[in-house]
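Q: Please work out how this folds:
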Amino acid sequence: MMSSLKRRRRRRSRHLAGTRELRVFYMIGTMGIGGAESQVVLRAAEMRARGIDSRVLLLFDGGPFEARLRDAGVPVTHLRFRTISAAGRWRALLYGIAAFCRLVRLLRRTRPHVLHAHLFHAYAIGVPAGRLAGVPLVVAGRHTPLTIIGWSRLTSLVDRTANRLADHIVPVSQSIADELVSRFRVRHKVSVIHNGLPPAAFLPQNPAPLETELPVIVCVSRLHPLKGHRYLLDATALLERRGLKCTVVLIGDGPERGRLERQVEELGIDVRFLGFRTDVGAWLARAEIMVHPTLAEALGNCVMEAMAAGLPTVSTTVGGVPELLGEGRGLLVPPADVTALADAIQRLLTDDALAERLRASARAWVADNLTSEKLVDRYLSTYSRVMRQKFTTGPDVPIGPRDHGRRGDRTGSPAGDRVSGHGR
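A: Reported below is the predicted structural model:
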């Protein structure tokens, strides 16, 4: 049976090389508000704009970002899996078996050339389904540090199996790549591709109205203990004791909100809780600096957005954040270090020359490396390279409309497809 699947995958790869057409299916759990979800929207929409047949498969329900896909003309398919919390263990299992069989039939009928699954549930389900359906190229997109996933023996087994079955693995940072190589020994099939930003992220914005005469610090992330907001609040109180008062704007919501509101009341500092917002760019334009005090991070889309907006940024040295803010593009401090965080904030608020250097350096680097156009170029280049390595011995399989008119950056990422010092 496996030899039959291999022959089918090889025939479809040759068809792809002959027609220069490409069908890319992205799979993810939902279209809720999140970094991985926003990147799926960005890539699917950009590919669709180039004339590439991109589609999105959702395991569970939709979400706010689904409207963006439909506005971009990207077809969305709901696979109707059920979570244990919604359906119970046994009903979720029965629904899951039926949905998995429907997924395999769907893939065989629609014949995508690439199935790219994002986040744990999607690649745990999508990778074996893609292999059974004979999809030529099955890719696992990794957006989450292994320390966050929550490991058990079953989780580890599922992850290890998916990594082994996937044709290629694309983490969004070198940090995640290093974790994967260390735990799973998959160096030969890993390429790092950083996230990207839409053109709107680089456009000037009108500042949001905010009644305060104090310097404004903005923090954009889900209100969750791992995001480290409590350390930002403690640092703000420390700065106030030093005579430097600030207004902190928190954009995002989550389970930590109640505790943070109590902390603000105890500290007596000026903090505005705005919840989820669609006008983040206006608040970046209103602030003096961005602070991202996270304790764990894959890359940091909010940091990328601040850099594109020309907002000087302080963040912690965790995950892929140093890949963004290193080399003089921002200030980095140890996680959970209130004094170091306060010192860095004070430097940016009192040293205009430093703030301007960081602003200019960060904005130029993001514009050179993290646009949606270059993001999709890198993915198309990676798909082509892996397809060639797997099925052909000639030059890269050309996998896009002949007239899309974009010249791809063949390096794979600003990090040059690095994996622990291992090049291509």
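Q: quick one, strands of the stretch 201-350 of the chain?
A: Secondary structure of the stretch 201-350 of the chain, counting by DSSP state E, counting those that start in this stretch: strands at 216-220, 247-251, 270-275, 289-292, 313-316, 331-333.
Q: I misspoke; the intended subject was the stretch 1-150 of the chain.
A: Under DSSP E, counting those that start in this stretch, the stretch 1-150 of the chain gives strands at 23-28, 53-58, 76-78, 114-118, 137-142.
Q: Dump the ones you listed to CSV, plus mean neighbour count.
A: Yep, even glycine has a C-beta here, placed from its N, CA and C like the rest. Below are the strands of the stretch 1-150 of the chain laid out as CSV (neighbours: other CB atoms under 10 Å):
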stretch, mean neighbour count
strand 23-28, 26
strand 53-58, 23
strand 76-78, 15
strand 114-118, 27
strand 137-142, 27
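Q: Listing request: residues of the protein with sub-threshold pLDDT.
A: The chain contains residues with pLDDT under 70 at 1-20, 149-151, 393-424.
Q: for the strands of the stretch 201-350 of the chain, which one ends up most surrounded?
A: Greatest average neighbour count among the strands of the stretch 201-350 of the chain goes to strand 313-316 (a mean of 28), per mean count of other CB atoms under 10 Å.
Q: could I get that one in CSV with only the CA atoms?
A: This file holds the C-alpha atoms of strand 313-316, laid out as CSV (Å, rounded to 0.1, in the frame of the first residue of the first chain):
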residue,chain,number,x,y,z
THR,A,313,10.7,48.1,21.8
VAL,A,314,11.8,46.4,25.0
SER,A,315,11.4,42.7,25.3
THR,A,316,12.7,39.6,27.1
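Q: So which residues of the stretch 101-250 of the chain form helices?
A: Applying DSSP state H, counting those that start in this stretch to the stretch 101-250 of the chain gives helices spanning 120-133, 146-149, 153-165, 174-184, 229-241.
Q: Would you convert those into CSV that also reports mean neighbour count?
A: Shown next, in CSV, are the helices of the stretch 101-250 of the chain (neighbours: other CB under 10 Å):
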stretch, mean neighbour count
helix 120-133, 23
helix 146-149, 15
helix 153-165, 14
helix 174-184, 20
helix 229-241, 21
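Q: Now tabulate these in CSV and tack on distance to residue 40.
A: Compiled in CSV, those are given as follows (distance: least, CB to CB, whole Å):
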stretch, distance to residue 40
helix 120-133, 10
helix 146-149, 19
helix 153-165, 18
helix 174-184, 17
helix 229-241, 26
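Q: Take the strands of the stretch 201-350 of the chain and lay them out in JSON lines including distance to residue 118.
A: Output for the strands of the stretch 201-350 of the chain, formatted as JSON lines (distance: least, CB to CB, whole Å):
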{"stretch": "strand 216-220", "distance to residue 118": "21"}
{"stretch": "strand 247-251", "distance to residue 118": "23"}
{"stretch": "strand 270-275", "distance to residue 118": "25"}
{"stretch": "strand 289-292", "distance to residue 118": "22"}
{"stretch": "strand 313-316", "distance to residue 118": "24"}
{"stretch": "strand 331-333", "distance to residue 118": "27"}
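Q: residues in contact with residue 98?
A: Counting by CB atoms under 8 Å, 6 or more residues apart in numbering, residue 98 touches no other residue.
Q: Quickly note the distance from it to residue 232.
A: 46 Å (CB to CB, to the nearest Å).
Q: Ok, residue 56 next?
A: Relative to residue 232, and taking CB to CB, residue 56 is found at 34 Å.
Q: My guess is residue 87 contacts residue 81. True?
A: No. Look at residue 87 against residue 81 with CB atoms under 8 Å: they stay out of range, at 9.4 Å.
Q: shared neighbours of these two, which are they?
A: Going by CB under 8 Å, 6+ apart, residues that sit against residue 87 and also against residue 81 are residue 95.
Q: between these two, who's got more neighbours?
A: Under the neighbour definition other CB atoms under 10 Å, residue 87 and residue 81 were set side by side, and residue 81 has more, 23 against 15.
Q: The more buried one against residue 59, yeah?
A: Yes. With contact defined as CB under 8 Å, residue 81 counts as touching residue 59 (4.5 Å).
Q: Common neighbours of the two, please.
A: Contact criterion CB under 8 Å, 6+ apart; residues shared by residue 81 and residue 59: 99, 121, 125.
Q: now these as JSON lines including distance to residue 265?
A: Formatted as JSON lines, these follow (distance: CB to CB, whole Å):
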{"residue": "99", "distance to residue 265": "46"}
{"residue": "121", "distance to residue 265": "38"}
{"residue": "125", "distance to residue 265": "44"}
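Q: Residue 222: which of those residues is nearest?
A: Taking CB to CB as the measure, residue 222 lies nearest residue 121 of the shared contacts of residue 81 and residue 59, at 18.3 Å.
Q: Tell me the spacing between the residue lying closest to that closest one once chain neighbours are set aside and residue 260.
A: Leaving aside its sequence neighbours, residue 121 sits nearest to residue 29 (CB to CB, 6 or more residues apart in numbering; 5.1 Å). According to CB to CB, residue 29 and residue 260 sit 27 Å apart.
Q: between those two, which one's more packed in?
A: Comparing residue 29 with residue 260 by other CB under 10 Å, the one with more neighbours is residue 29, at 23 against 19.
Q: Do I have it right that the more buried one meets residue 122?
A: Yes. Residue 29 is in contact with residue 122 according to CB under 8 Å; the separation is 5.8 Å.
Q: who touches both of those two?
A: Counting by CB under 8 Å, 6+ apart, the shared contacts of residue 29 and residue 122 are residue 59.
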